[in-house]
Every structure is written in structure tokens, then in C-alpha cells.
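Engineer: Pasting a predicted model and its sequence here:
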Amino acid sequence: MDKFLIVGLGNPGAEYDHTRHNTGFMVVDELAKSVGATFEDKRYGFVAETSLKGRKVFILKPTTYMNLSGNAVRYWLQKENIDQARLLVVVDDLSIPLGDFRLKGNGSNGGHNGLGNIQQLIGQQYARLRMGIGADFQRGAQVDWVLGKYSAEDMETLQPSINQAVEIIKSFVLAGLNITMNQFNKLGKKKKIG
């Protein structure tokens with residue numbers, strides 16, 4: 001049976017709930033809810049298991065804190081013997097406007113500490129779904145921004161993208177990366193920048 005690992009990046013703990021940096025957690029929570037899967041506290045993370053049309057899917061929320069996300073990703077890839085081509089990491093991205101998203105097959109970490117740690121441990125050849133959180137902050141206030149909580153107004157913009165992200169993940173599992181990128185990336189740019 002083909003196995004997939006879907007990872008939402010974030011920080012564990014109630015104080016980080018609904019923060020911009022936990023957008024990855026929010027997406028995989030929605031994914032788990034949509035398939036009726038529940039998370040269990042396991043090594044390096046909360047893990048939910050489901051299957052989509054005969055494909056086994058592990059959904060992971062690392063409990064290592066963002067900067068050590070790679071430990072959890074590497075552990076679960078190895079433990080379940082999952083091919084890196086079947087790994088998808090969902091991550092918040094400052095360089096993309098709120099409500100926009102981008103699916104990529106590889107690339108740099110873009111200064112994101114979670115992706116940076118994953119890259120150190122397994123390289124950069126893995127798919128990532130970058131969820132825009134915008135960058136509406138003063139110089140030097142980046143940390144406060146990413147660890148800040150979404151407002152109700154923000155969520156009105158973000159929730160449709162979270163719902164879309166769930167469909168993207170299912171497509172990644174069922175149709176593969178290239179078909180999914182071709183189908184969804186054009187939907188991920190709602191706002192013109194500049």
C-alpha cells in the first residue's frame with residue numbers, strides 16, 4: 001500500500017493556537033476532521049492515520065517546536081518507510097498575501113526555521129504547501145507578527161484557503177504533485193501584489 005506523510009508545521013501548546021505560525025496545524029486539523037481521523041500523542045508529534053482510496057495517509061503535527069520540525073519529519077518517514085516523494089509539508093509563509101497559497105515540489109526554506117530544519121535533515125526535495133500569512137508589520141516586528149493570533153476578520157480571508165488546502169492535500173495523495181500544482185496553483189493567487 002502506498003504511504004504518504006502530510007505534515008502541518010506549528011508549535012505545540014494552547015498559547016500558540018490560532019497564531020499565524022500555526023497555520024500548518026490549522027490545515028491538517030481541518031484535513032483530519034474532513035476524513036474523520038483523530039490525533040494521538042505519539043513520538044515527536046500528534047499523529048492521525050487515515051486512508052484515501054487505498055492509500056495510507058499519516059497526518060503529523062510535530063511537537064518538537066518549529067525550529068526542530070525536521071526531527072519529527074525524518075523520524076516518521078523512516079519509521080513508516082515512506083518515500084520522500086510522498087511527503088507534503090504545510091507551512092505559513094510571510095512572502096505570500098493572507099489567503100493566497102502556493103504548492104511547490106522543492107526549493108529553499110525562504111528563511112522559515114521549520115523548513116530550514118527539515119532541509120538540514122532530509123534535503124530540499126520534498127513538496128510544500130505554502131500558506132500566505134501576509135507581512136503587515138513594522139520592521140523588526142516579524143516575531144510578534146508570526147506568533148500573533150488571527151483576528152475574526154483574518155479568518156474570513158483564511159478559512160476558504162484552509163478548505164482549499166484540504167482539497168490540495170487529497171489531490172496530492174490521489175493524483176500526484178504535478179497534476180495538483182497545475183490544477184490548484186492558479187487558484188492560489190487572489191490578490192495582486194504591489
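Structural biologist: Ah, there it is.

Engineer: Okay, now the unreliable bits of this protein?
Structural biologist: The chain contains residues with pLDDT under 70 at 190-194.

Engineer: Could you pick out the longest helix of it?
Structural biologist: Scanning the chain for the longest helix, with DSSP state H as the assignment, gives helix 152-175.

Engineer: Could you export that one as CSV, CA atoms only?
Structural biologist: This file holds the C-alpha atoms of helix 152-175, laid out as CSV (Å, rounded to 0.1, in the frame of the first residue of the first chain):
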residue,chain,number,x,y,z
ALA,A,152,-12.0,37.1,13.1
GLU,A,153,-11.6,39.2,10.0
ASP,A,154,-8.4,37.4,9.1
MET,A,155,-10.1,34.1,9.4
GLU,A,156,-12.8,35.1,6.9
THR,A,157,-10.0,35.5,4.4
LEU,A,158,-8.1,32.5,5.5
GLN,A,159,-10.8,29.8,6.1
PRO,A,160,-11.6,29.4,2.4
SER,A,161,-7.9,28.8,1.7
ILE,A,162,-7.7,26.3,4.5
ASN,A,163,-10.7,24.4,3.0
GLN,A,164,-8.9,24.6,-0.4
ALA,A,165,-5.7,23.3,1.2
VAL,A,166,-7.6,20.2,2.3
GLU,A,167,-8.6,19.5,-1.3
ILE,A,168,-5.0,20.1,-2.4
ILE,A,169,-3.7,17.6,0.0
LYS,A,170,-6.2,15.0,-1.1
SER,A,171,-5.3,15.6,-4.7
PHE,A,172,-1.6,15.3,-3.9
VAL,A,173,-2.3,11.9,-2.4
LEU,A,174,-4.6,10.7,-5.2
ALA,A,175,-3.3,12.5,-8.4
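
Engineer: In what element of secondary structure is Phe58 found?
Structural biologist: strand 55-62 (DSSP states H and E).

Engineer: what's the angle from that strand to helix 152-175?
Structural biologist: Counting by axes from the mean of the first three to the mean of the last three C-alpha atoms, to 10 degrees, strand 55-62 points 140 degrees away from the direction of helix 152-175.

Engineer: In strand 55-62, which residues are buried?
Structural biologist: Buried residues in strand 55-62, counted by 16 or more other C-beta atoms under 10 Å: Lys56, Val57, Phe58, Ile59, Leu60, Lys61, Pro62. (C-beta placed from N, C-alpha, C; glycine too.)
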